[in-house]
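# coords please:
(4 chains)
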Protein chains: 2
Amino acid sequence: MGTNEEAERSATQGGAAFLLAQLGAHAARAFAARIAALDLTPPQAGLLRMLAATPGRSQRRLAEDLGMPPSRFVPFADELETRGLIERRKNPDDRRSHALYLTERGVELLAELRKVGAAHERDVCAALSPDEHTQLTALLRRVAEQQGLTPGVHPGYRSS
Amino acid sequence: MGTNEEAERSATQGGAAFLLAQLGAHAARAFAARIAALDLTPPQAGLLRMLAATPGRSQRRLAEDLGMPPSRFVPFADELETRGLIERRKNPDDRRSHALYLTERGVELLAELRKVGAAHERDVCAALSPDEHTQLTALLRRVAEQQGLTPGVHPGYRSS
DNA sequence: TGACAATCGTTCAAATATGTAATCATTATT
DNA sequence: AATAATGATTACATATTTGAACGATTGTCA
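Numbers count the residues shown, from 1 in each chain, chains lettered A, B, ... in the order given. Down below sits the predicted model:
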């Protein structure tokens, strides 16, 4: 009678949690492919966004929110600084920490990034009507909030 | 007027695509933490599910669907075989390929896995009413289908 | 004030993971 | 029968990631 099959499907493979993981990986990969045209990886794009939202943060806190160990953050920020997208300044109040800021070029690239993000959003949700799109976003936002996720922060990699 | 802020939020950080990526990573990580109690990683759980769905497939096809190169699949299957969860049998029709099957213990562990999956589903969607839960699942399923995702297959890692 | 612990950024070496190419057995092609 | 192609495996070379250690600076407390 196929009840067995139905139960299995709904439990692990067809449930919302699995679909979230599957679609999340798909959306992340598609986004990565798009921003590769700007020579950016998702964590790099994340840093630019974080600096636009709250400039002048220390590397340690940024690394924490990005979910990477400080030792890995150093070469990560190095490349972005070499490319002239971000800037390290000495914090006058605490001279051992570096405050990070977007450069002018960084702000420009962020504008490009937003265009790409909008196109990505449209593409991923192409199956839905405008109403449904709004509906989905609202549901997801509530789930994210209840799960304790920080808005706008994508913890790509976990660590110690 | 805050319109600027609003636009930025909706474009990249608050859109459905970003929420999908964020929630997907969160759900995947939470699931990984749960099945760690069974000494399983997400790819390992995926293989068990795939073998339950269609037994006797060749390693190459399984590796393909799992998104890993065949060379990496070998030690991956080795461990599961050592632990007595899966079994390699010579395919009589084509003796160079190995057909993979679940052992009895593998079937038992899969039952445990389903319980964990159900608990995970409940936890992730705790913010939603039963109706909303159904609604979300339906929306996600349509998006997944339109994006061309294979049902029940989570391409954890991409490769060549 | 001065000694000591804690923090930030950084570097470095070791462990780990990952992909590519070569290898062996078997099967398909001609 | 000779040759090409395929599946599983191995070997190796390379990249990634981690954890500890270090110098510089700041906080704490006697």
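# Can you report how many residues lie near the nearest residue to A:Ala127 once chain neighbours are set aside?
In space, and not counting its chain neighbours, A:Ala127 is closest to B:Gln146: 3.4 Å by C-beta to C-beta, 6 or more residues apart in numbering or on different chains. C-beta: built from backbone N, CA, C; applies to glycine. By other C-beta atoms under 10 Å in any protein chain shown, 13 other residues sit near B:Gln146.
# which ones are touching A:Val107?
A:Ala52 (C-beta atoms under 8 Å, 6 or more residues apart in numbering or on different chains).
# what about it, helix or strand, and which?
In this assignment (DSSP states H and E), A:Val107 forms part of helix A:104-124.
# Report the separation between the nearest residue in space to A:Leu51 that is not next to it in sequence and B:Thr54.
Counting by C-beta to C-beta, 6+ apart, A:Leu51 lies nearest to A:Leu102, which is 4.8 Å off, once chain neighbours are set aside. Noted for A:Leu102: a distance of 50 Å to B:Thr54, by C-beta to C-beta, to the nearest Å.
# coming back round to it: return the set of buried residues in the helix or strand just after the helix holding A:Val107.
Scanning forward in sequence from helix A:104-124 by DSSP H and E, the next helix or strand is helix A:130-146. Residues of helix A:130-146 classed as buried by neighbour count (16 or more other C-beta atoms under 10 Å in any protein chain shown): A:132-133, A:135-137, A:139-141, A:143-144.
# what does stretch A:95-110 give?
In stretch A:95-110, counting by 16+ other C-beta under 10 Å, buried: A:98-100, A:102-103, A:106, A:109-110.
# filter the residues you listed down to the ones close to DNA strand C.
Contacts with DNA strand C are made by A:His98 out of the buried residues of stretch A:95-110, judged by C-beta under 7 Å from any atom of the strand.
# Out of the buried residues of stretch A:95-110, which comes closest to A:Ala77?
Of all those, A:Leu100 has the smallest distance to A:Ala77: 6.9 Å, by C-beta to C-beta.
# That closest one: which element?
Per DSSP H and E: strand A:98-102 holds A:Leu100.
# Low-confidence ranges, chain A, go.
Residue ranges of chain A with pLDDT under 70: A:1-12, A:156-160.
# Residue of it closest to chain B, please.
Closest residue of chain A to chain B, C-beta to the nearest C-beta: A:Gly24 (1.3 Å).
# so who does that residue touch?
By C-beta under 8 Å, 6+ apart, A:Gly24 lies in contact with B:20-25, B:27-28.
# Equivalent analysis for A:Leu80, please.
A:Leu80 sits next to A:44, A:47-48, A:86, A:106 when contact means C-beta under 8 Å, 6+ apart.
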